[in-house]
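1. Show me how the following folds:
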Amino acid sequence: MIRIMRIAHPYQAKIITPFGVLGILCVEEALTGIDFLPPDTLPQAPSSKSAQEVCKQLAAYFDDPDFHFNLPLKLRGTPHQSKVWQAMCASPRGQTRQYGELARELSSSARAVGQACGANPIPIVIPCHRVVSKTGMGGFAHHRDGYELNIKRWLLTHEQR
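-> So this is what the prediction gives:
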């Protein structure tokens, strides 16, 4: 008999947001990940100063979409992913860009840009939700519908204020 064991992420915090629960991952003093957790996930108080600061800044963003994050980040990605993530950070609040538009700017393909968006380890802070398809919303966190796409809709609506 084979047993499959799930390895839980060691979240430094789990915070309730207007659209669900976020799991916060930090290493030392840097943010390394934000995960969208099932809506019934119980909150968890921050277990480090860095997680406390991430939670504070996320709360400020949810109160005011003009809030600018100022967090130390530790990202792992390919050089292409890093270029896409930097380009997403340059997208102003309340505006969207198309996958193809970013692809032309970065001498890439729309599909490669979409894959880099989906691989973004720090959504919201790195605003991958601001990247849409030519014909609609596109995907979000490697999903084309359901809970994740509803999060993208919420974030875009929030930023239209």
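
2. Report the buried residues of the helix or strand hosting residue 82.
-> Using DSSP states H and E, the element containing residue 82 is helix 79-89. Buried residues in helix 79-89, counted by 16 or more other C-beta atoms under 10 Å: 81, 83, 84, 85, 87, 88. The way it works is simple: take the backbone N, C-alpha and C, and place the C-beta from them, glycine included.

3. same thing with stretch 140-160?
-> Across stretch 140-160, burial judged by 16+ other C-beta under 10 Å covers 140, 141, 148, 149, 151, 152, 155, 156, 158, 159.

4. now it: how far from the chain's centre is it?
-> 10 Å (C-alpha atoms, centre = their mean, to the nearest Å).

5. residues in contact with that stretch?
-> 18-20, 36, 39, 62, 65, 93-94, 96, 118-119, 123-124, 127-130, 137, 139 (C-beta atoms under 8 Å, 6 or more residues apart in numbering).

6. Can you tell me the closest non-neighbouring residue to residue 44?
-> Closest residue to residue 44 apart from its sequence neighbours, by C-beta to C-beta, 6 or more residues apart in numbering: residue 14 at 4.0 Å.

7. and that neighbour, bridged to which residues?
-> Judged by DSSP bridges, the bridge partners of residue 14 are residue 23, residue 44.

8. Surely it touches residue 21?
-> Yes: at 5.7 Å, residue 14 counts as touching residue 21 under the criterion of C-beta atoms under 8 Å.

9. Show the average pLDDT along the helix or strand where residue 16 lies.
-> Residue 16 is located in strand 13-17, with elements delineated by DSSP H and E. The pLDDT scores in strand 13-17 average 97.

10. Number of residues surrounding residue 38?
-> Residues within reach of residue 38, counting by other C-beta atoms under 10 Å, total 8.

11. should've said residue 48
-> 15.

12. Name the nearest residue to residue 130, ignoring sequence neighbours.
-> Spatial nearest neighbour of residue 130, excluding adjacent residues (C-beta to C-beta, 6+ apart): residue 91 at 4.5 Å.

13. would you say the one you found is within a strand?
-> No: read with DSSP: H, G, I helix; E, B strand; the rest coil, residue 91 is coil and lies in no strand.
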